[in-house]
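Enquirer: Starting from these lines, generate the structure:
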Amino acid sequence: MLKATNASGKAADLRLWIVDLEGFSWIVMPIDKAREHGLDGARLEMRREGELRCVETTVASDRETVTAVRDARYERYAIQRLATWVGIFTREPGPNAIVVRVAPCPDR
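Expert: As a prediction, this is how the structure comes out:
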């Protein structure tokens, strides 16, 4: 869960499918959702595996990275594969899909 704030200033706990790839955690989402929650260049808290930690987020929109993260999510989550099979999700990321790289905050 990523603790963010939406554009109107209201706290939002974003429950997201996270995958690990190339030493970072990644999230696939529509660009509008990332903008609504100010996720590009943000310092937030994330609860993962029961631990709350400080993270920094960076948006990437290049198709190569988006496709790689989407493929990793497809491989990790059986529900993603099932939802794709029944037509809820497409196999390829849509044109508005981006990825958010989640990295630990640097030590101070």
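Enquirer: In the protein, where's the longest strand?
Expert: Of all the segments of type strand in the chain, defined by DSSP state E, the longest one is strand 51-60.
Enquirer: Tell me the gap between the helix or strand following that strand and the middle of its chain.
Expert: Once the chain leaves strand 51-60, the next helix or strand it forms, by DSSP states H and E, is helix 63-76. The chain centroid and the centroid of helix 63-76 are separated by 11 Å under CA atoms, centre = their mean, to the nearest Å.
Enquirer: List the contacts of helix 63-76.
Expert: 17, 19-21, 26-28, 60, 80-81, 84, 91-93, 97-99 (CB atoms under 8 Å, 6 or more residues apart in numbering). Placement of C-beta: from N, CA and C, glycine included.
Enquirer: next one: stretch 45-52
Expert: Contacts for stretch 45-52 (CB under 8 Å, 6+ apart): Met1, Leu2, Lys3, Ile18, Ser25, Arg53, Cys54, Val55, Val102.
Enquirer: Report the distance from that stretch to the chain centre.
Expert: 14 Å.
Enquirer: which residues does the residue nearest to the spatial centre of the chain bridge with?
Expert: By CA atoms, centre = their mean, the mean C-alpha position of the chain lies nearest to Ile27, the distance being 1.8 Å. The partner list for Ile27 in beta bridges (DSSP bridges) reads Ile18, Val100.
Enquirer: Against Asp107, how distant is it?
Expert: 23 Å (CB to CB, to the nearest Å).
Enquirer: Nothing else from me, thank you.
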